[in-house]
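Build me a structure from this.
(one chain, ligands or ions: 2)
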Amino acid sequence: MVGIGYDVHRFKEGRPLVLGGVTIPHTHGLDGHSDADVLCHALADAVLGALGQPDIGFFFPPGDPTCAGISSLKILEKCRDLAAEAGVSIVNVDATLVAEVPKVLPHREAMRQNIGAALGIAPQRVGIKATTNETMGFVGRREGIAAMAVAQVA
Ligand SMILES: Nc1ccn([C@@H]2O[C@H](COP(=O)(O)O)[C@@H](O)[C@H]2O)c(=O)n1
Ligand SMILES: C[C@@]1(CO)OP(=O)(O)OP(=O)(O)OC[C@H]1O
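Ligands and ions are numbered 1, 2, ... in the order given. Presented below is the predicted three-dimensional model:
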């Protein structure tokens, strides 16, 4: 089974920028109720989709006080637990970040380590890519970051 996920978060001054559980030096972080880790959110929805489960907001309701400021790696850990309960393994995940700034690929290996550990899979099974939006649209105007992801379970 495969699943697809997509998420977007708006830049906000005064917050840390967390992507794949890595805090990346930048002028702005992302706005959100959790740590706003847009990469983990897209990956979580991809895994949940592959499992035939409802989306991230079902398990971590937007605005729920218990979710305030949580690390989104915890959301991936929940996905890992749901896969185990279903008796399936996460085969691999793959994601693309769409961000005009900052450069994220220097942090790829650290992200793969964090995400692999949270999902209970080897980092080699975690794909992370990035592209700019060539200055077009909301990403191009540096208003936020988008992420898309796929996951396979068997
Ligand atoms: N936020 C980003 C965006 C891109 N990269 C890396 O740069 C390469 C070129 O991106 P283009 O959008 O100009 O084609 C891309 O393949 C990534 O390796 C990045 O690290 N962070
Ligand atoms: C992660 C959750 C948890 O409150 O909140 P946000 O950080 O706002 O992220 P978003 O992708 O907008 O919605 C999903 C929510 O489940």
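
Around residue 8, how many other residues sit close by?
17 (other C-beta atoms under 10 Å). For every residue, glycine as well, the C-beta is placed using N, CA and C.

Mind pulling up the pLDDT for it?
With respect to pLDDT, residue 8 has a value of 98.

distance of the residue most central in space within the chain from ligand 1?
The chain has residue 40 as the residue nearest its centroid, 1.7 Å off, counting by C-alpha atoms, centre = their mean. Distance from residue 40 to ligand 1, counting by C-beta to the nearest ligand atom, to the nearest Å: 16 Å.

and if you look at residue 78?
According to C-beta to the nearest ligand atom, residue 78 stands 27 Å off from ligand 1.

So which elements touch the helix or strand that residue falls within?
If you go by DSSP states H and E, residue 78 is part of helix 73-86. Contacts defined by 3 or more C-beta pairs under 8 Å, 6 or more residues apart in numbering; DSSP states H and E place helix 73-86 against helix 38-50, helix 56-59, strand 90-98, helix 108-119.

Got phi/psi on the residue in the chain sticking out farthest from the centre?
When distances to the mean C-alpha position of the chain are computed (C-alpha atoms, centre = their mean), the maximum falls on residue 87, with 23.2 Å. Backbone torsions for residue 87, taken as degrees, to the nearest 10, come to phi 70, psi 30.

related to what we said a few turns ago, next, count neighbours for the closest residue to the residue nearest to the centre of the chain other than its chain neighbours.
Nearest residue to residue 40, sequence neighbours excluded (C-beta to C-beta, 6 or more residues apart in numbering): residue 72, at 3.6 Å. By other C-beta under 10 Å, the residues close to residue 72 number 29.

so who does residue 72 touch?
If you count contacts by C-beta atoms under 8 Å, 6 or more residues apart in numbering, residue 72 has them with 18, 21, 34-37, 40-41, 44.

got it, and residue 38?
For residue 38, the contacting residues are 7-9, 19, 30, 97, 145-147, by C-beta under 8 Å, 6+ apart.

of these, closest to ligand 2?
Using C-beta to the nearest ligand atom, residue 7 comes nearest to ligand 2 of the contacts of residue 38, at 4.9 Å.

tell me the secondary structure for that closest one?
Taken by DSSP: H, G, I helix; E, B strand; the rest coil, the conformation at residue 7 corresponds to strand.
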